[in-house]
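Participant: this is a predicted model, with the sequence first.
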Amino acid sequence: EAGVTQFPSHSVIEKGQTVTLRCDPISGHDNLYWYRRVMGKEIKFLLHFVKESKQDESGMPNNRFLAERTGGTYSTLKVQPAELEDSGVYFCASSPRGQEETQYFGPGTRLLVL
Amino acid sequence: GENVEQHPSTLSVQEGDSAVIKCTYSDSASNYFPWYKQELGKRPQLIIDIRSNVGEKKDQRIAVTLNKTAKHFSLHITETQPEDSAVYFCAAKASNYQLIWGAGTKLIIKP
């Protein structure tokens, strides 16, 4: 069984540009989460999808971040416009229905904003 | 807000010795506590977890203990091996399924 995949693995952009990160969860997992780790600090929750619906987006830092999961399969996280403080590693995780807390992580996308 | 504190930030042990990493959490409603291992450049991998109705759980060389009263939980690795070298994260599940993470412990196994 394939694990959670994320694309790209790395992205280097300039301040003010737009970047879109993609996450493909484990097949059949209804729950999809986005987390990020900035500046070597703790991993922080961003949001939680159940299928295509946003269950909890309390961790989204501001309106420059937009997450979507059209069709309830893969998800995208767009940052527009990117700022220097957005640099970090963005992780995606998924879990099956009924086991929401058992989250399986992707390898992350390392974003560097210059 | 809810937080998880993790200690130590770096732990160096001799191969074959035991390693212990400790975490405390603030939200008394937390009821699920996973531990993740992240090797350099790889994904965080769930290695063991414990729920609040259990005090201890063991899986081969890895064990986790939970003290609900004191709100702390620990990871114990016995007979450490070189492949145990990694960053270990503890986490606690908040009421809304988001995980609250510790800052991580870099475990170094000395040959």
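Facilitator: All right, it came through fine. None of the values given here were measured: they were computed from a predicted structure. Numbering: from 1, shown residues only, chains lettered A, B, ... in the order given.
Participant: all strands for chain B, in order.
Facilitator: Using DSSP state E, the strands assigned to chain B run over residues B:4-7, B:10-14, B:19-25, B:32-38, B:45-51, B:56-59, B:62-67, B:72-77, B:86-93, B:99-101, B:105-110.
Participant: ok, now chain A?
Facilitator: With DSSP E as the criterion, chain A has strands spanning A:5-7, A:10-13, A:19-24, A:31-37, A:43-50, A:53-56, A:65-68, A:75-79, A:88-95, A:104-105, A:109-113.
Participant: ok, now which ones touch the residue nearest the centre of chain A?
Facilitator: Residue closest to the average C-alpha location in chain A (CA atoms, centre = their mean): residue A:34, at 3.4 Å. Going by CB atoms under 8 Å, 6 or more residues apart in numbering or on different chains, residue A:34 touches A:23, A:45, A:46, A:47, A:67, A:75, A:77, A:90, A:91, A:92. (Glycine included, C-beta is placed from N, CA and C.)
Participant: do that again at 7 Å, thanks
Facilitator: Residue A:34 is in contact with A:46, A:47, A:67, A:77, A:90, A:92, counting by CB atoms under 7 Å, 6 or more residues apart in numbering or on different chains.
Participant: how near is residue A:56 to residue A:106?
Facilitator: Note on residue A:56: its distance to residue A:106, by CB to CB, to the nearest Å, is 19 Å.
Participant: higher neighbour count, the two?
Facilitator: Taking other CB atoms under 10 Å in any protein chain shown, residue A:56 and residue A:106 do not tie; residue A:106 has more neighbours (25 against 17).
Participant: residues of chain A that sit close to chain B?
Facilitator: Chain A comes close to chain B at residues A:41-43, A:45, A:48, A:56, A:59, A:100-108, as judged by CB under 7 Å from any CB of the partner chain.
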